[in-house]
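Undergrad: got a structure for you, letters missing:
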């Protein structure tokens, strides 16, 4: 398993002059690593934020403590604020954010494998949740990374 269109993402982002940033929680930098594995990635990848704790989300991305109190870190609301914050604290045109429960564990209300994503551009932020299920920590993280990369590819292709 793996995102197989990384070269296409690089090519399209460069062709369109699009700069990318990411804000990651449960993936711990896997999206940034995948993007920077590509030669020439400095022309389309500005920076990445690994904000694993709530304090990091607040300090580095400007996520509201009220949002985290009311909805939790694993929520579309938090993902939206993470993506907006990544855009605001970078020179990027597009930001993707990922926050979820890779496992083990979870709860009845927030089960293992639930990952919230947001994609932000200057004029819009869209968020959604994917239920990957209890695939195991490593597999949830890989699936989340690949989903985020696919979101970026779709965003630079349209």
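TA: The structure has been received and is ready for your questions. The shown structure was predicted, so the numbers you read here are calculated from the model rather than taken from an experiment.

Undergrad: burial of the nearest residue to residue 40 once chain neighbours are set aside, as a residue count?
TA: Distance criterion CB to CB, 6 or more residues apart in numbering; nearest residue to residue 40, sequence neighbours excluded, is residue 10 at 6.2 Å. Any C-beta I mention is one placed from the backbone N, CA and C, and that applies to glycine too. Residues lying near residue 10 (other CB atoms under 10 Å) number 22.

Undergrad: buried sites along the helix or strand that contains residue 10?
TA: For residue 10, the element it lies in under DSSP states H and E is helix 6-16. For helix 6-16, burial by neighbour count (16 or more other CB atoms under 10 Å) applies to 6, 9, 10, 12, 13.

Undergrad: residues near the closest residue to residue 13 other than its chain neighbours, how many?
TA: Computed as CB to CB, 6+ apart, the closest residue to residue 13 that is not its neighbour in sequence is residue 44, at 3.7 Å. By the criterion of other CB under 10 Å, residue 44 has 25 neighbours.

Undergrad: closest to residue 37 out of the buried residues of helix 6-16?
TA: residue 6 (7.1 Å; CB to CB).

Undergrad: and the closest one, how far from residue 145?
TA: Here the distance between residue 6 and residue 145 works out to 11 Å (CB to CB, to the nearest Å).

Undergrad: what is in contact with those two at once?
TA: residue 34 (CB atoms under 8 Å, 6 or more residues apart in numbering).

Undergrad: so the residue nearest to residue 40 versus residue 142, what's the distance?
TA: For residue 10, the distance to residue 142 equals 20 Å [CB to CB].

Undergrad: then residue 12?
TA: Counting by CB to CB, the gap from residue 12 to residue 142 is 23 Å.

Undergrad: good, we can wrap up now.
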